[in-house]
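**Q** The following comprises the amino acid sequence and a computationally predicted model.
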Amino acid sequence: MDAGRINIPNTLTVLRIILVPVIVILLMQGDFFKALILFTLSGITDGLDGFLARVLNQQTELGAYLDPIADKALMVSCFVTLSIKHVIPGWLSVIVVSRDCIILIGIAMLAIMSVSFQIRPTMISKLTTVFQLLTIFGVLLVHTLAMATEFKIIMLVLYMVTATLTVLSGLNYIFKGIRFINSAS
């Protein structure tokens, strides 16, 4: 890649990272409409950066690291902030954040043990991400429309599905990590 050429996908990923504290501030202020707009923009740029990286042949190692960092920063920040504001149940945030911490600890352990591994998203992890995004989007939309009471049962079902998928995905990563360790022994 030409050193003078801007890497558009990485630029979009950095923009997503920059948007995280802005979204958190908006959530803290209870401005769900603006947070919804920026959250949606973040989601669009997330899909766009991967697409553009392939189409423009601008896939980089930096992008491979930054993209999941941007995703995790957004998801964890939104879940924690919304639970602190008592907009979503705290137990759901604990499940989402715990899964991500377990994955990071597992990656660190594998690296420390010099175990060769490659993590590829599975169908369950992709589905988990979709439902986590849907949960945040749904919460922001329902609060923007001031219809939290009307959608209480639907949101509860969404929370339960998101929690279940998050736990299953976490277990899937744990079992994969164990297999990596066992195959390296």
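**A** Received it, and whenever you're ready, just let me know what you need.
**Q** Which of the helices or strands spans the closest residue to residue 96 other than its chain neighbours?
**A** What sits nearest to residue 96 in space, not counting adjacent residues and going by C-beta to C-beta, 6 or more residues apart in numbering, is residue 79, at 4.8 Å. Bear in mind the C-beta positions are built from the backbone N, C-alpha and C, glycine included. Under the criterion of DSSP states H and E, residue 79 resides in helix 61-84.
**Q** Going along the chain from that helix, find the next helix or strand for me.
**A** On the C-terminal side of helix 61-84, the closest following helix or strand by DSSP H and E is helix 90-112.
**Q** Show me what that following helix is packed against.
**A** Applying 3 or more C-beta pairs under 8 Å, 6 or more residues apart in numbering; DSSP states H and E, we find helix 90-112 packed against helix 61-84, helix 123-144, helix 152-184.
**Q** What is the burial count for residue 143?
**A** When counting by other C-beta atoms under 10 Å, one arrives at 21 neighbours for residue 143.
**Q** My error: substitute residue 54 in the last question.
**A** For residue 54, which is what you asked about, the neighbour count (other C-beta under 10 Å) is 10.
**Q** got a list of what it touches?
**A** By C-beta atoms under 8 Å, 6 or more residues apart in numbering, no residues touch residue 54.
**Q** Show the model's pLDDT score for it.
**A** Note on residue 54: pLDDT of 87.
**Q** Now do the SS call for it.
**A** State at residue 54, reduced to three classes by DSSP: H, G, I helix; E, B strand; the rest coil: helix.
**Q** What are the contacting residues of stretch 128-143?
**A** Around stretch 128-143, the neighbours that count as contacts under C-beta under 8 Å, 6+ apart are 32, 35-36, 39-40, 43, 71, 75, 78-79, 82, 87-88, 92, 96, 99, 121, 148, 151, 154-155, 158-159, 161-162, 165-166, 168-169.
**Q** Buried only: go through those residues for me.
**A** Burial by neighbour count, judged by 16 or more other C-beta atoms under 10 Å, picks out 32, 35-36, 39, 43, 71, 75, 78-79, 82, 87-88, 92, 96, 99, 151, 155, 158-159, 162, 165-166, 169 from the contacts of stretch 128-143.
**Q** how far away is residue 176 from residue 65?
**A** Between residue 176 and residue 65 the distance, using C-beta to C-beta, to the nearest Å, works out to 19 Å.
**Q** actually residue 88, sorry about that
**A** Shown here: residue 88 relative to residue 65, a distance of 28 Å by C-beta to C-beta.
**Q** who has more neighbours, residue 176 and residue 65?
**A** Between residue 176 and residue 65, counted using other C-beta under 10 Å, residue 176 has the larger neighbour count: 17 against 11.
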